[in-house]
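Engineer: Below are the sequence and a predicted model; questions follow.
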Amino acid sequence: MRRRLINSTLAVVLVVIAVFGVSLVIVETRTISSSAQESVDSEALRLASIVESRILGDERVTESILHDQVDAHRYSVIKIPGRDTIRLGTEPQGSVIRGKATGADGEQVTVEEAGSTVTREVGRTLLIIGGVALLAIVSAVLLAVRQANKLTSPLTDLAETAERLGSGDPRPRHKRYAVPELDRVADVLDASAERITRMLTAERRLAADASHQLRTPLTALSMRLEEITLTEDLDTVKEEATIALTQVERLTDVVERLLTNSRDPRTGSAVTFDLDEVVTQQLQEWRPAYRSAGRAIVRSGKRGLRAIGTPGAVAQVMAALIENSLMHGGGTVAVRSRVTGTQTVVEVTDEGPGVPPDLGARIFERTISGRNSTGIGLAVARDLAEADGGRLEMLQQHPPVFALFLSRVSKDPLKQNSLPGPEEPPQPTIR
């Protein structure tokens with residue numbers, strides 16, 4: 001493409017030079033020839049007038065007198081009736097330019113100039129025209145190379161950008177070239193890169209969320225199956241199998257919710273549910289893990305609370321908090337439910353060292369973790385809470401207190417918007 005641009009530009013310049021250059025040469029040649037002829041004719045008239053004036057004044061007309069009146073490069077012949085012919089200068093050889101003039105008394109003046117003088121003048125003119133044409137060609141070539149580079153370099157960059165997109169590197173370059181058409185292509189490629197980046201980010205986030213959220217139910221399910229294999233009591237087997245089936249249902253709900261959120265993270269399925277059932281189910285599910293770690297998990301606060309949300313999502317949020325306390329906390333883990341205003345609050349705390357001061361509120365950011373974990377558990381939990389109109393907050397760093405806020409449903413519709421009464425005294429229950 002670069003060669004074609006240069007060749008086409010050079011061809012246009014050569015055509016222009018050929019058309020206007022030849023015309024200019026013809027015009028200049030004729031102008032020089034006409035000017036030389038007019039100069040010789042003028043010289044002849046001037047000499048004729050000088051000779052005529054001296055004759056009328058009865059003055060002598062000799063070669064010595066007229067010698068200074070004639071150009072040294074010209075040859076003049078003066079013929080006066082009844083007198084000798086006067087010759088001035090050297091007679092030119094070859095082609096000549098001749099001018100004649102006749103006076104009132106019959107005197108004739110002929111002035112000749114060598115044609116080589118015109119030829120030299122025409123040659124100088126042609127040299128100047130040729131130099132200008134050569135300068136125009138060089139300038140055209142340089143301009144064509146510059147324009148070709150200006151057009152081909154962006155195309156090369158855009159091709160490299162498209163190749164990077166195809167090879168899995170969707171970073172936009174945000175580079176523009178001051179050419180509207182090329183800038184438009186660059187805008188489209190950058191927009192495509194940003195869309196691909198968002199799609200890849202969503203896929204990676206879905207994979208990370210799935211691996212994190214599925215790990216806990218699968219671990220709990222494996223523990224239940226181990227309990228079944230280790231006991232011969234039929235009632236215990238039935239109890240553990242029932243709990244295992246519940247966990248399978250929860251696992252299915254987790255998968256469905258992940259797929260739903262991957263399509264539209266704002267999609268929610270909030271309903272009114274019994275908060276005690278979710279809390280009890282989580283305590284039963286995590287009891288084996290805490291028992292294996294030699295730790296306890298207790299519950300306190302108000303009972304019989306109803307909230308608005310998605311039971312599966314609330315269970316996942318609580319599982320993330322309880323698992324976080326198991327992995328990073330210490331001592332007894334307390335799950336406390338209370339009401340504040342029109343909201344139901346579920347708090348999870350433990351007796352561990354708490355959240356490091358350097359993390360603070362960043363604890364809910366993805367990839368932020370205090371102890372070499374994935375760092376996405378609390379981030380996913382906050383997203384799940386917000387999807388149902390609730391919120392997840394860290395109320396205290398030491399000892400750590402995490403609180404899940406949900407919209408509260410009063411048992412008496414007339415008291416839906418009234419302030420709650422005093423909370424029941426804590427009643428710890430070891431699960």
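Structural biologist: Cool, the structure landed. Numbering: from 1, shown residues only.
Engineer: okay, CA-based contacts and neighbour counts for the rest of this
Structural biologist: Noted.
Engineer: Now stretch 166-173: buried residues?
Structural biologist: For stretch 166-173, burial by neighbour count (16 or more other CA atoms under 10 Å) applies to 170, 172.
Engineer: So, low pLDDT: which residues of the protein?
Structural biologist: Scanning the chain with the threshold set as pLDDT under 70 gives 1, 202-217, 250, 254, 257-269, 361, 367-376, 410-431.
Engineer: Quick check: most distant residue from the centroid of it.
Structural biologist: Largest separation from the mean C-alpha position in the chain: G82, at 99.5 Å (CA atoms, centre = their mean).
Engineer: Specify the local secondary structure of it.
Structural biologist: Recorded secondary structure, G82: coil (DSSP: H, G, I helix; E, B strand; the rest coil).
Engineer: how much space between it and K100?
Structural biologist: For G82, the distance to K100 equals 19 Å [CA to CA, to the nearest Å].
Engineer: ditto for T252
Structural biologist: In terms of CA to CA, T252 sits 120 Å off from K100.
Engineer: Counting neighbours, go ahead and name the busier of the two.
Structural biologist: A count of neighbours by other CA atoms under 10 Å puts K100 above the other of T252 and K100, at 19 against 15.
Engineer: How about the contacts made by the more buried one?
Structural biologist: K100 sits next to 41, 44-45, 108-111 when contact means CA atoms under 8 Å, 6 or more residues apart in numbering.
Engineer: repeat that for 7 Å
Structural biologist: 41, 44, 109-111 (CA atoms under 7 Å, 6 or more residues apart in numbering).
Engineer: host element of the residue nearest to it when sequence neighbours are not counted?
Structural biologist: Computed as CA to CA, 6 or more residues apart in numbering, the closest residue to K100 that is not its neighbour in sequence is T110, at 4.5 Å. Taking DSSP states H and E as the criterion, the element that holds T110 is strand 108-114.
Engineer: Quick check: what element follows the strand or helix carrying R224 along the chain?
Structural biologist: Secondary structure assignment for R224, by DSSP H and E: helix 180-230. Sequence order places helix 234-263 as the next helix or strand after helix 180-230, per DSSP H and E.
Engineer: what packs against that next one?
Structural biologist: helix 180-230 (3 or more CA pairs under 7 Å, 6 or more residues apart in numbering; DSSP states H and E).
Engineer: partner residues bridging the nearest residue to T62 once chain neighbours are set aside?
Structural biologist: Residue nearest to T62 in three dimensions, not counting chain neighbours: I86, with 7.2 Å by CA to CA, 6+ apart. Beta bridges link I86 to I78, judged by DSSP bridges.
Engineer: Might one say that I86 is in contact with I65?
Structural biologist: No. At 10.7 Å, I86 does not count as touching I65 under the criterion of CA atoms under 7 Å.
Engineer: Looking at the two, which one has more neighbours?
Structural biologist: I86 (16 against 9).
Engineer: give me every residue that touches the more buried one.
Structural biologist: Per CA under 7 Å, 6+ apart, neighbours of I86: 63, 77-79.
Engineer: Which strands and helices lie in contact with the helix or strand containing A11?
Structural biologist: For A11, the host element (DSSP H and E) is helix 2-56. On a contact count with 3+ CA pairs under 7 Å, 6+ apart, helix 2-56 meets strand 96-102, strand 108-114, helix 115-166.
Engineer: Turn these into JSON lines, columns for distance to R338.
Structural biologist: Output for the helices and strands packed on helix 2-56, formatted as JSON lines (distance: least, CA to CA, whole Å):
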{"stretch": "strand 96-102", "distance to R338": "123"}
{"stretch": "strand 108-114", "distance to R338": "123"}
{"stretch": "helix 115-166", "distance to R338": "52"}
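Engineer: Which among those is found nearest to R30?
Structural biologist: Among the helices and strands packed on helix 2-56, helix 115-166 comes nearest to R30, with 9.2 Å by CA to CA.
Engineer: Show me what that closest one is packed against.
Structural biologist: helix 2-56.
Engineer: Show the subsequent helix or strand relative to the helix it packs on.
Structural biologist: Immediately after helix 2-56, counting by DSSP H and E, sits helix 63-66.
Engineer: just to revisit the earlier point, near the residue nearest to K100, how many other residues are there?
Structural biologist: By other CA under 10 Å, 22 other residues sit near T110.
Engineer: Settle this for me: it is touching S76, isn't it.
Structural biologist: Yes. Counting by CA under 7 Å, T110 touches S76, with 5.6 Å between them.
Engineer: residues of stretch 103-118 that come out buried?
Structural biologist: Buried residues in stretch 103-118, defined by neighbour count with 16+ other CA under 10 Å: 103, 107-115, 118.
Engineer: same question, stretch 395-405
Structural biologist: 397, 400-405.
Engineer: Please convert the residues you listed to CSV, extending it with distance to I196 and secondary structure.
Structural biologist: Converted to CSV, these look like this (distance: CA to CA, whole Å; DSSP: H, G, I helix; E, B strand; the rest coil):
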residue, distance to I196, secondary structure
Q397, 38, coil
P400, 39, coil
V401, 39, strand
F402, 36, strand
A403, 36, strand
L404, 34, strand
F405, 35, strand
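Engineer: now the spatially most central residue of the chain: how far from G377?
Structural biologist: The residue lying closest to the centre of the chain (CA atoms, centre = their mean) is H174, at 2.0 Å. The gap separating H174 from G377 is 34 Å, by CA to CA.
Engineer: rewinding a little: let me have the contacts of K100 in JSON lines, extended by distance to V248.
Structural biologist: Listed next are these as JSON lines, based on distance: CA to CA, whole Å:
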{"residue": "D41", "distance to V248": "121"}
{"residue": "A44", "distance to V248": "125"}
{"residue": "V109", "distance to V248": "130"}
{"residue": "T110", "distance to V248": "127"}
{"residue": "V111", "distance to V248": "124"}
